[in-house]
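> Sharing a model prediction with you, sequence too.
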Amino acid sequence: MGTTSLTGRPRPSSHYLRDTRSQVLSTRGTSLREHRDEVRLVWRRAAALASDIIQNSGRLRGAVDQILADTVGEELVLTPKPNLAKLGYDERETVEFVTMVKDWWKRRTWNARECDFRGKFIMPQMIDMALRADVVFGEAVGFLDYWSRTQRRRYGIVSGTKLCMMSPSALVQDTNDLEGLYQGVIHDENARPVAYRFQEKRDGLTTKVDHLAYDADGRQVVIHVFDPIEPTDVRGVSRLASAFRKHLQHEVLVDATIQTQILQTLMSFALTSPNPSKEAFEAITAVEDDEFQQDYLDYFHAAMDRAAEGKVSLSGDPTVSHLGPGEDLKLLSPGVPGPQFLPVSADLSRDIARALGITYGGLTMDNTSATYSSVNMDNASIWPIVTRRRSRVPAPFCQAFYEAGLDEEIGEGRIPFKGGYEAFAANREDVLWTLWNGPAKPTADDGKSAKAATERLVNGTSTFEAECAERGLDPEEVFESRRHWHKRFVDAGMPSPFVARNSGGRDETEDKDDRPVNQRENA
């Protein structure tokens, strides 16, 4: 509370939450509690609202598809970065191992029967599910299972590692401090997750099943990703939660505008007349002078008879003829939407776009006022959000399946490894380190972007790997492809497109003189 001077005026003060003369802060009641408690209280309601809104909104469904396209595109590209030098691998052997691993990954993840527990979805589809769940529920969850050889023979498949995607709604909301259970996640004494409790249907019955977070060898079993706000957070909340009010306001605004405009379009004319209404006729009939009553009614009936001979039609063949005495027909123009509709609609849309992490144009498909500079600024501001989302949601799923799957391939001898499985198990982190690249960063002008990339490479401020990653490409694949096609062009006696333009058409790779340039010049 502020202090008051002897004159009755408030003394000057400086502190947080100092209200204005309108006392606007005092009208907004708030409370403070742990964020995880906030999430637990609103989780189901928020998830239900988000699911309903997306299912019934074409632009939000399109916005979610835009998130998928920006984040993963067709699929995340595997780029293994193993450190195998201490295991006796030279550079050539490392490249061969990486090539073998990438070939296995491609074949495995694009075969639904081999990678999906249910045998229905390929890995890119399951990644799409994770991203959609992240928008609706604020989290994505799945678990890894290993099938025995007997189970595999039943389905005629090779691999035993399977990823089973689960709806976050299957993760129970139970909370029990005595067993370290909070919102379906069981923690140990150090607040580390040790198990997850799911509600599953088995043999027609609904039961609760606990899945360990890690197996006995420390390999990940349950994959649970969400965006925490506070260190004690356990579950996520819908990314649309902060935009519910704005979306519903926009929905009401558009619906009311359309309904009003339809009504005004159908009723865009008005007929004004001095003729008396029903109440006026009742008043006339109440007059005791019978002669006056009859004279007025005769006059009015004669006027209406003359007007009946004409007609007013606003159909496909419009006609306006004789009106009644004193009548006036006015055509009205629709007054909706007003001049404030577009600014208000745009402001609401920007709020929703920020909550989803996409551009205003990506949400509304409205680029009427966009310029080259504004598009570049939008892309520059949103791209770090895209790459962050890529590393937080889809990449952990891909990495978990990659680690478990490669573990199996080496363990069962389908991918050879120096020293066998024992050497791999002792150096798992060195072998399994990898990067996941997505689609290229969008540009407003591909020519200018390509020129900028060339300049960065020439002046040494970037690397071949960085530029490939910027475009969502695997640098190893680009290099091998270029070498293959360059050799094909040279062997066929054709000019190679990979020879530098300033070389005068000479193939630099054919220069067998490997002496330093200064020595060759002196010679």
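It's in.

> Quick one: mean pLDDT over the lengthiest strand in the chain.
The longest strand of the chain (DSSP state E) is strand 193-202. Taken as a whole, strand 193-202 has a mean pLDDT of 92.

> Can I get it in CSV? Just the C-alpha atoms.
Backbone C-alpha positions of strand 193-202 (Å, rounded to 0.1, in the frame of the first residue of the first chain) are rendered in CSV as follows:
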residue,chain,number,x,y,z
PRO,A,193,12.1,-41.2,-13.3
VAL,A,194,12.3,-45.0,-12.9
ALA,A,195,9.0,-46.1,-14.3
TYR,A,196,5.9,-44.8,-16.1
ARG,A,197,2.3,-46.0,-15.4
PHE,A,198,0.1,-46.5,-18.4
GLN,A,199,-3.5,-47.4,-18.7
GLU,A,200,-3.8,-50.2,-21.2
LYS,A,201,-6.6,-52.5,-22.6
ARG,A,202,-5.6,-56.1,-22.4
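
> Can you identify the element that follows that strand toward the C-terminus?
Using DSSP states H and E, the helix or strand that follows strand 193-202 towards the C-terminus is strand 205-212.

> Name the residues of that following strand that are buried.
For strand 205-212, burial by neighbour count (16 or more other CB atoms under 10 Å) applies to His211. Every residue, glycine included, has its C-beta placed from N, CA and C.

> Repeat that for stretch 178-185.
Of all the residues in stretch 178-185, those buried under the rule 16+ other CB under 10 Å are Gly180, Leu181, Tyr182, Gln183, Gly184, Val185.

> try stretch 74-81
Residues of stretch 74-81 classed as buried: Glu75, Leu76, Val77, Leu78, Thr79, Pro80 (neighbour count, 16+ other CB under 10 Å).

> so is the closest residue to Ile358 other than its chain neighbours in a helix, a strand, or just coil?
Once flanking residues are discounted, Ile358 sits nearest to Gln66: 5.5 Å by CB to CB, 6 or more residues apart in numbering. Put simply, Gln66 is helix when judged by DSSP: H, G, I helix; E, B strand; the rest coil.

> follow-up on the earlier one: relative to Val386, which of the buried residues of stretch 74-81 is nearest.
The nearest member of those to Val386, counting by CB to CB, is Leu76 at 12.5 Å.

> related to what we said a few turns ago, relative orientation of the longest strand of the chain and strand 205-212 in degrees?
Using axes from the mean of the first three to the mean of the last three CA atoms, to 10 degrees, the direction of strand 193-202 lies 160 degrees away from that of strand 205-212.

> Please, where are all the helices along the stretch 51-200 of the chain?
58-71, 91-109, 112-115, 123-136, 149-155 (DSSP state H, counting those that start in this stretch).

> where exactly do the strands run in this protein?
Remark: strands assigned in the chain by DSSP E are 77-80, 139-146, 161-166, 181-182, 185-187, 193-202, 205-212, 222-226, 269-272, 312-313, 319-320, 328-331, 434-437.

> do you know which of those lies nearest Asp37?
Among the strands of the chain, strand 181-182 sits nearest to Asp37 (CB to CB), with 9.7 Å.

> which helices and strands sit right next to the closest one?
Contact analysis of strand 181-182 by 3 or more CB pairs under 8 Å, 6 or more residues apart in numbering; DSSP states H and E lists no helix or strand as a packing neighbour.
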